[in-house]
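Student: A structural model of the following input is requested.
(one chain, ligands or ions: 3)
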Amino acid sequence: MTQTISPIVLDHPLVRHKLTYLRDRNTSTADFRRLTRELSLLLAYEATRTLSLVPYKIETPSGAYQGEQLDGKKLCFVSILRAGNGLLDGMLDLIPSARVGHIGLRRDHETLEVSEYYFNMPRDVPGRTCIVLDPMLATGHSASAAITRIKEAGAHKPIFACLLSVPEGIAYLQKHHPDVQIVTCSIDQKLDAHGYIVPGLGDAGDRLFGTR
Ligand SMILES: O=P(O)(O)OC[C@H]1O[C@H](OP(=O)(O)OP(=O)(O)O)[C@H](O)[C@@H]1O
Ligand SMILES: O=c1cc[nH]c(=O)[nH]1
Ligand SMILES: [Mg+2]
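Tutor: Ligands and ions are numbered 1, 2, ... in the order given. Alright, predicted model coming up:
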């Protein structure tokens, strides 16, 4: 049986400060986007901790140096539409050579089940580290469905990176995909009766794109 991997929670003053402004219902769409992008940079730092390095020789002003560089071709970000796109630009600022896949998932507001409306992954997924991006891990249905699909495409041991999560969503994802490393900025209290994270930040997609 595969051992469950404990989530990594970013416990950092910058993250806590920025998350507080992100949660604030009075934060504007423009500020919500900017904060999401800034948080994605900090999230990327932890989510990429296990990336592999390859040897890289350079000359410093004092002589030869055997250094290292990221094996950049090996990374693929997978954005769960729509809200995952809010995390994508910051991640690509750090790792511009990464490939990008997109999975469109819609959550039914009544049943909380998800349906897929788009799927587009790079052809050469096997052998790449896949980091799945979505700001919210609520019931875990979306994250689990996305990871099932990218495993079908050949992804091995994907990483799931989010801003907010809840114990219910973490347990669901770990039950269905115990090999996935979850990296999150916060584990919030609970889900409300409508499947929203409490205290949460509301609907991440609507706040990012100003649709409600
Ligand atoms: O863990 P779950 O219960 O599945 O909920 C989380 C999902 O809900 C939101 O997407 P939503 O369906 O609202 O789509 P959107 O990004 O287009 O707003 C969010 O971005 C996650 O994808
Ligand atoms: O709180 C939540 C739960 C799911 N999706 C969101 O955007 N927010
Ligand atoms: Mg939404």
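
Student: could you check how many residues crowd around residue 155?
Tutor: 24 (other C-beta atoms under 10 Å). For every residue, glycine as well, the C-beta is placed using N, CA and C.

Student: list the residues that contact it.
Tutor: Contact partners of residue 155, counting by C-beta atoms under 8 Å, 6 or more residues apart in numbering, are 76, 78, 125-126, 128, 130, 147.

Student: you'd agree it is in a helix?
Tutor: No - Residue 155: not assigned to a helix; according to DSSP: H, G, I helix; E, B strand; the rest coil it is coil.

Student: do you know the pLDDT at it?
Tutor: Residue 155 is assigned a predicted lDDT (pLDDT) of 92.

Student: what about it, distance to residue 104?
Tutor: Going from residue 155 to residue 104 by C-beta to C-beta, to the nearest Å gives 17 Å.

Student: and what of residue 118?
Tutor: Residue 118 is 3 Å from residue 104, by C-beta to C-beta.

Student: out of the two, which sits in the busier spot?
Tutor: residue 104 (16 against 10).

Student: secondary structure class for the more buried one?
Tutor: strand.

Student: distance of it from residue 112?
Tutor: The value you get for residue 104 to residue 112, if C-beta to C-beta is used, is 17 Å.

Student: and what of residue 137?
Tutor: In terms of C-beta to C-beta, residue 137 sits 13 Å off from residue 112.

Student: neighbour-wise, which of the two wins?
Tutor: residue 137 (28 against 14).

Student: hang on, the more buried one packs against residue 167?
Tutor: No - using C-beta atoms under 8 Å, residue 137 makes no contact with residue 167, being 10.2 Å away.

Student: phi first, then psi, for the residue of the chain found nearest ligand 3.
Tutor: Closest to ligand 3 within the chain is residue 205: 3.3 Å, counting by C-beta to the ion. When read as degrees, to the nearest 10, the backbone of residue 205 gives phi -60, psi -50.

Student: neighbours of it, just the number please.
Tutor: Count around residue 205 with other C-beta under 10 Å applied: 21.

Student: is it true that it touches residue 85?
Tutor: No - the criterion here is C-beta under 8 Å, and residue 205 misses it with residue 85 at 9.0 Å.

Student: which neighbours do these two share?
Tutor: With C-beta under 8 Å, 6+ apart, residue 205 and residue 85 have no common neighbours.

Student: residue 32 looks like it's in a helix, true?
Tutor: Yes - using three-state DSSP, the assignment for residue 32 is a helix.

Student: need the contact list for it.
Tutor: Neighbours of residue 32 in contact, by C-beta under 8 Å, 6+ apart: 22, 207-208.

Student: make CSV out of the residues you listed and add distance to residue 89, neighbour count and pLDDT.
Tutor: Formatted as CSV, the contacts of residue 32 follow (distance: C-beta to C-beta, whole Å; neighbours: other C-beta atoms under 10 Å; pLDDT from 0 to 100):
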residue, distance to residue 89, neighbour count, pLDDT
22, 16, 23, 98
207, 16, 22, 98
208, 11, 19, 97
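
Student: kindly indicate which of the residues you listed lies nearest residue 97.
Tutor: Nearest to residue 97, judged by C-beta to C-beta, of those is residue 208 at 25.1 Å.

Student: can you verify the closest one is assigned to a strand?
Tutor: No - counting by three-state DSSP, one finds residue 208 to be helix, located in no strand.
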